[in-house]
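Trainee: Turn this into a model:
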Amino acid sequence: MVQGGARLRSGPAKDPHSRTSERAGFTLASLPNTGWDGKPPAFPLERYRVTGPDGPDEKAMRSFRKRELALWRQLWRSPQAWAWSMPQYSYLVWDIAMYCRLMVLAGENTATAADRGLIPRYADRIGLSAAGLAALGWQITPDEMANRRMERRDETPETAYPRRLRAV
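Mentor: The predicted structure is shown next:
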């Protein structure tokens, strides 16, 4: 099967569980499923200029900046922030900031389809989507305790009852 090509992501995606990937040494980097607890870097973009009929609208600009920074702080508490904090991924800081700006812009009533259409591309680029995680070679490690809680929640009383009897 032919792999690769002239364009990004052309050809089949690498499967970390295949024998070929194993021989080539391809593995996904595991990111902890807990959020990053470090201090986020300073927001790198200048203030977004909101203009009204009478010129710059300071109140709207402060509101826009407040929502931008809130999303910025929220993203830096995600599991992906563990990778973003590494020096080799420092180039993504600008893309993360643009993602924040686009998300806030998309919430405005003046947002265009082009504004909203860029959001999935940026999400892929910074690893916020499943495709983006795979393209960057990342995976979020599963939370074993959460999995056990979900298994217990899925049990019906009929299936849980024999388990309780065995414990007695």
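
Trainee: Where does pLDDT dip in this protein?
Mentor: 1-15, 21-22, 25-27, 146-147, 153-168 (pLDDT under 70).

Trainee: Contact partners for P142?
Mentor: N33 (Cβ atoms under 8 Å, 6 or more residues apart in numbering). All C-beta atoms are positioned from the backbone trio N, CA, C, and that covers glycine.

Trainee: Pull out the buried positions in the lengthiest helix in the chain.
Mentor: In terms of residue count, the longest helix belonging to the chain (DSSP state H) is helix 58-75. For helix 58-75, a neighbour-count test (16 or more other Cβ atoms under 10 Å) marks F64, R65, R67, E68, L71, W72, L75 as buried.

Trainee: Check stretch 41-51 too.
Mentor: F43, V50.

Trainee: ok, then the element right after the host helix or strand of R116?
Mentor: Assessed by DSSP states H and E, R116 sits inside helix 113-126. Next in sequence after helix 113-126, counting helices and strands by DSSP H and E, comes helix 130-136.
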